[in-house]
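[1] pasting the structure only:
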């Protein structure tokens, strides 16, 4: 079994006057491809949980884009479109190289961008459009994410962390 994975995670503070840019994501955590495996192996993060569970189940993981920006202002339109398109194109390339059996995503659930009030729904819609209704898509989310109809329509499973502080990201990712 081969699972494509990646994520775009941002907790948006709509009261901030400072907009979030692509450079802000790149200056926080931004990895593509095998760099994601090297960076997150052995960590108690969402991605670390996915890596460990895949290894335990003998599942091949195929990483695309994985980026996280800590809480900050609304994401600028060009940024979210670039990140979304990079993630989708990365997953499509992985699928073209060798078919994927599913997609696992680490999102946040409280992301907002200019013209995209529901970035998670937009990301999921774009991936669903690219891969069709038969591709299983699972998502792990922060506990205070906003679950929208668009997210539910375009994902097969949505799992939120249970603990505050967020001490169970690793375990919830392994549940996916």
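    On my side now, so go ahead. Just so we're clear, the structure is a prediction, and the values are computed from it rather than from any experiment.
[2] Burial check on residue 99, number of neighbours?
    Residues within reach of residue 99, counting by other Cβ atoms under 10 Å, total 10. Every C-beta, even on glycine, is put in place using the N, C-alpha and C of the backbone.
[3] Surely it touches residue 2?
    Yes. Using Cβ atoms under 8 Å, residue 99 is in contact with residue 2, at 7.0 Å.
[4] Partner strands of the longest strand along the chain and their direction?
    Using DSSP state E to define each element, the chain has its longest strand at strand 60-72. Strand pairing for strand 60-72, determined by DSSP bridges: strand 2-12 (parallel), strand 29-32 (antiparallel).
[5] Check which residues of that strand are buried.
    Buried residues in strand 60-72, counted by 16 or more other Cβ atoms under 10 Å: 61-69, 72.
[6] Then stretch 110-117?
    Buried, per 16+ other Cβ under 10 Å, within stretch 110-117: 110-113, 116.
[7] Give me the average confidence score over it.
    Stretch 110-117 comes out with an average pLDDT of 97.
[8] for stretch 20-34, same thing?
    Mean predicted lDDT for stretch 20-34 stands at 97.
[9] can you check stretch 51-58 too?
    The model assigns stretch 51-58 a mean pLDDT of 97.
[10] So what touches that stretch?
    1, 3, 37, 40-41, 59-61, 170, 173-174, 176 (Cβ atoms under 8 Å, 6 or more residues apart in numbering).
[11] next one: stretch 167-176
    With Cβ under 8 Å, 6+ apart, stretch 167-176 has contacts from 43-50, 52-53, 104, 106, 138-140, 157, 159-162.
[12] Strands - which of those residues land there?
    104, 106, 138-140, 157, 159-160.
[13] Poorly predicted segments of the chain, please.
    By pLDDT under 70, the chain has no low-scoring segment.
[14] where does residue 147 land in three-state SS?
    coil (DSSP: H, G, I helix; E, B strand; the rest coil).
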